[in-house]
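Trainee: coordinates only, no sequence provided:
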């Protein structure tokens, strides 16, 4: 395995420039006309396999799909076998089958979205050695696989700072999906951020055992809010939708109650919208830890299409690469909190603070 390295995002700006011009498809054809492009296909095609959270999980998988669509739009491609597509997994048993199906359809680059697909990507990449694969949030040591990872602990630390400075009860919750090394990074970073600014705060931690069980997420949130928590950070994919649902329901019952959810992976501000019984709008999304899976997916596709596929390498994205941070939608944050987040972000970038992962 080659050494980990950060990945510059300048190609995305270049892709945006191409999109702004006319004839995106023509430019893609010219780019593919050189050595190694092959004569069989005009387009560099990409596809992805979701985990059980599904492509509309309003989180991780959805962000990845948005990245694929952005790549398609930038290169004049359409959804389908000659452009970009996805297969949705209903259970773990679907992962290898879906990956193999896409490989047989001759997609040039195939993503496995989420660490749960790691064994399946490893297996199918060996069987389909002429196909390029990518795994998100895990590492597969095969020459035809690029491994995309993120510094989620950095962003989780920052939203922990927000939670620690916002809580009125000093009781905060963390809801994880499936317990393991990856989600542990979210948990540990979040707790460290809370403690950095509010040592008196207590963080209750629970795992749902699933990334696709909204009912379980709602049940856990009900318990946490019932015990006095006023902020819950979820790193649970589709399970986190239940956390939002419970917070909204409680706010409808008591509009004066201050309670919040911190979203994950993408800006989940819209998931916190609700209406009181009197028809007044409210929003309970305090902020979100933004993990730009879409940026990583699009960026890798552009590199692969340009014959710069980093097979066998680990590409790591963090604050420095502009792929980790808090959501730009900050209407619920005071100027003091925003300044404190900026202060800690700079300390992380300078190396003054090294956020632990376990």
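Mentor: On my side now, so go ahead. Since the model is a prediction, treat every value here as computed from it, not as a measurement. Residues are numbered from 1 along each chain as shown.

Trainee: and residue 135, helix, strand or coil?
Mentor: Three-state call for residue 135 (DSSP: H, G, I helix; E, B strand; the rest coil): strand.

Trainee: could you pull up the residues touching it?
Mentor: When contacts are counted by Cβ atoms under 8 Å, 6 or more residues apart in numbering, residue 135 is found next to 111-112, 115, 117-118, 121, 145-148. Every residue, glycine included, has its C-beta placed from N, CA and C.

Trainee: surely residue 71 is in contact with residue 301?
Mentor: Yes: counting by Cβ atoms under 8 Å, residue 301 is a contact partner of residue 71 at 4.3 Å.

Trainee: shared neighbours of those two, anything?
Mentor: With Cβ under 8 Å, 6+ apart applied, the overlap between the contact sets of residue 71 and residue 301 consists of residue 46.

Trainee: among these two, which residue is more densely surrounded?
Mentor: Counted by other Cβ atoms under 10 Å, residue 71 and residue 301 do not tie: residue 301 has more neighbours, with 29 against 26.

Trainee: before we move on, what SS does the more buried one have?
Mentor: In terms of secondary structure, residue 301 is helix; the call rests on three-state DSSP.

Trainee: contact partners for it?
Mentor: Under the criterion of Cβ under 8 Å, 6+ apart, the contact partners of residue 301 comprise 44, 46, 67-68, 71, 109.

Trainee: which of the residues you listed fall in helices?
Mentor: Restricting those to those inside helices, with DSSP state H as the criterion, leaves 67-68, 71.

Trainee: tell me the buried residues in the one helix or strand residue 325 maps to?
Mentor: Taking DSSP states H and E as the criterion, the element that holds residue 325 is strand 324-326. Under the neighbour-count criterion of 16 or more other Cβ atoms under 10 Å, strand 324-326 has 324-326 buried.

Trainee: helix or strand next in line after that strand, which one?
Mentor: The next secondary structure element downstream of strand 324-326 (using DSSP H and E) turns out to be helix 335-350.

Trainee: circling back: quickly check the contacts of residue 301 for the two that are furthest apart.
Mentor: Greatest spatial distance among these (Cβ to Cβ): 44 and 67, at 14.7 Å.

Trainee: what's the neighbour count on residue 195?
Mentor: By other Cβ under 10 Å, 16 other residues sit near residue 195.

Trainee: correction: residue 252
Mentor: Neighbour count of residue 252, defined by other Cβ under 10 Å: 13.

Trainee: what about it, which SS state?
Mentor: Assigned state for residue 252: helix (three-state reduction, three-state DSSP).

Trainee: any idea how far it is from residue 229?
Mentor: Here residue 252 is placed at a distance of 18 Å from residue 229 (Cβ to Cβ, to the nearest Å).

Trainee: and residue 236, by the same measure?
Mentor: Computed with Cβ to Cβ, the distance linking residue 236 and residue 229 is 15 Å.

Trainee: the more surrounded of these two?
Mentor: The residue with the greater number of neighbours, taking residue 236 and residue 229 and applying other Cβ under 10 Å, is residue 236; the counts read 34 against 22.

Trainee: need the contact list for the more buried one.
Mentor: Contacts were defined as Cβ under 8 Å, 6+ apart; by that measure residue 236 touches 175-177, 208, 210-211, 217, 243, 264.

Trainee: which other helices and strands does the strand holding residue 325 contact?
Mentor: Using 3 or more Cβ pairs under 8 Å, 6 or more residues apart in numbering; DSSP states H and E as the contact test, the elements touching strand 324-326 are helix 152-166, strand 285-291.

Trainee: using a markdown table, please lay out those together with distance to residue 101.
Mentor: Putting the helices and strands packed on strand 324-326 into a markdown table (distance: least, Cβ to Cβ, whole Å) gives the following:
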| stretch | distance to residue 101 |
| --- | --- |
| helix 152-166 | 30 |
| strand 285-291 | 27 |
